[in-house]
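below: sequence and its predicted model.
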Amino acid sequence: MIEILSFVAAIAVGFVVLSTSADRLIEVASTLASRLGMSILTIGMTIVAFGTSAPELLVSSVAALDGSAGIAIGNALGSNIINIGLVLALCGIIYPLVVSRRIITRELPLLVLVVAFAMALMLDGDLSQMDGFILAGALLAYCYYLAKHSGGDNEDEDEVVILSISTARAVVESLVLLALLMGSSKLLVWGASELARSFGISEMIIGLTVIAFGTSLPEMAAALASARKGLFDLVMATVIGSNIFNLLGVLAFPGILSGGLAIDSSVLQRDGLAMAGLTALLAICIVTSLAMDRDETSSSSMTLGRVTCSRVPRYKSAIILAAFTTYMGVLALSIIS
């Protein structure tokens, strides 16, 4: 009984720390962006997105070293599915997303390209060490791209909370908050896993549900906190940046560390297609919203400073959530069978 209470306490503490640290991280990251002359979008796609993907990287790397290829690869793909199908969809339902043209013209096409590239590398049923190095090289190229386009797009400047702290403190506090995000998500996963085991739930179900959802909790907390503050570019940047990092980094390191991983055909046929399908659905929902704004003069189109933005209606986010729910139903049926 005492053990079960400790697991419940771990879950509760994890949720509280995760929520509070995510809120503070948004403000500190925004301040850091202002101090360094970087756009909010770039900060979201680097510090926040990469930092919140650290749990996926840790879990996949450890799983690869332990010979658990399914967990290593499934965690990366599953986290991307959850980021779009659950995290972004929920944000869009609660707070209708406002997507800037930079997201539409630069970051979204880049995500689609990275998804296609990663899928192409895995089509042979193997994530070799060479594939891992190729993905890592692509990650370095992506980081260079972000550094090159890091300034001049502070379109959300008027909505950003700038704290009265020094640049040095902002850097240190960002690192501490990212550590708290990772630690609290790990505490949540541990508590939920142990609680599940205490009730006799199988390891497979724990891995497919608790681990995948648990490692995506930082992204969910950061995205919801950004949406609540009206920083919609940061919402999109967190999800898009995290998904790109998951494919170029989280997939790369297990391949490199393990010397190569075999990929089960069901991973590509079910999870890979689901990830690609949700990414395509997200792109279609955003692009069609922009097309509607061009054809109709309505409240769906708005201008923030010099940048024209497009509002994605709640029903489109609901469609993405419905697609995600369908995938989860297929996954549940496969577990049962």
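Great, that's in hand.

and the helices in the stretch 201-337 of the chain, which stretches?
For the stretch 201-337 of the chain, the helices identified by DSSP state H, counting those that start in this stretch occupy 203-206, 212-215, 217-228, 232-245, 252-258, 265-266, 273-295, 314-336, in order along the chain.

buried set for the fifth one?
If I follow you right, that is helix 252-258. Applying a neighbour-count criterion of 16 or more other Cβ atoms under 10 Å, one finds 252-258 buried in helix 252-258. Yep, even glycine has a C-beta here, placed from its N, CA and C like the rest.

so which of those comes closest to D126?
G255 (9.2 Å; Cβ to Cβ).

tell me who's in contact with the closest one.
G255 is in contact with 64, 127-129, 131-133, 135, 261, counting by Cβ atoms under 8 Å, 6 or more residues apart in numbering.

so for stretch 75-89, what's the average pLDDT?
Computed over stretch 75-89, the mean pLDDT rounds to 90.

that stretch: how far from the chain's middle?
Relative to the mean C-alpha coordinate of its chain, stretch 75-89 is positioned 6 Å out (Cα atoms, centre = their mean, to the nearest Å).

helix 232-245 and the top helix by length along the chain, what's the angle between them?
Ranked by residue count and defined by DSSP state H, the top helix of the chain is helix 2-36. When axes from the mean of the first three to the mean of the last three Cα atoms, to 10 degrees is applied, the directions of helix 2-36 and helix 232-245 differ by 110 degrees.

which strands or helices does helix 2-36 pack on?
helix 40-43, helix 167-198, helix 217-228, helix 232-245 (3 or more Cβ pairs under 8 Å, 6 or more residues apart in numbering; DSSP states H and E).

want to throw the ones you listed into JSON lines with distance to Y315 and mean pLDDT?
Converted to JSON lines, the helices and strands packed on helix 2-36 look like this (distance: least, Cβ to Cβ, whole Å; pLDDT from 0 to 100):
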{"stretch": "helix 40-43", "distance to Y315": "26", "mean pLDDT": "69"}
{"stretch": "helix 167-198", "distance to Y315": "31", "mean pLDDT": "81"}
{"stretch": "helix 217-228", "distance to Y315": "17", "mean pLDDT": "80"}
{"stretch": "helix 232-245", "distance to Y315": "18", "mean pLDDT": "86"}
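
most neighbours per residue, which of these?
Taking mean count of other Cβ atoms under 10 Å as the contact definition, the stretch among the helices and strands packed on helix 2-36 with the greatest mean neighbour count is helix 232-245, which reaches a mean of 29.

just how off-centre is that one within its chain?
Shown here is helix 232-245, whose average C-alpha point lies 6 Å from the average C-alpha point of the whole chain (Cα atoms, centre = their mean).

other SSEs contacting that helix?
Contacting helix 232-245 under the criterion 3+ Cβ pairs under 8 Å, 6+ apart are the following elements: helix 2-36, helix 40-43, helix 49-52, helix 69-82, strand 98-100, helix 108-122, helix 217-228.

quick one, which of the ones you listed gets closest to T279.
Minimum separation from T279 across the helices and strands packed on helix 232-245 (Cβ to Cβ) falls at helix 108-122, 5.0 Å.

CA atoms of the closest one as PDB?
Output in PDB follows, covering the C-alpha atoms of helix 108-122 (Å, rounded to 0.1, in the frame of the first residue of the first chain):
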ATOM      1  CA  LEU A 108       6.300  23.200 -42.200                       C
ATOM      2  CA  PRO A 109       7.800  22.200 -45.600                       C
ATOM      3  CA  LEU A 110      11.100  21.400 -43.800                       C
ATOM      4  CA  LEU A 111       9.200  19.000 -41.400                       C
ATOM      5  CA  VAL A 112       7.500  17.300 -44.400                       C
ATOM      6  CA  LEU A 113      10.900  16.900 -46.100                       C
ATOM      7  CA  VAL A 114      12.500  15.400 -43.000                       C
ATOM      8  CA  VAL A 115       9.600  12.900 -42.500                       C
ATOM      9  CA  ALA A 116      10.000  11.800 -46.100                       C
ATOM     10  CA  PHE A 117      13.800  11.600 -45.700                       C
ATOM     11  CA  ALA A 118      13.700   9.500 -42.500                       C
ATOM     12  CA  MET A 119      11.000   7.200 -43.900                       C
ATOM     13  CA  ALA A 120      13.100   6.600 -47.100                       C
ATOM     14  CA  LEU A 121      16.100   5.600 -44.900                       C
ATOM     15  CA  MET A 122      14.100   3.100 -43.000                       C
END
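
with that, I have no additional questions.
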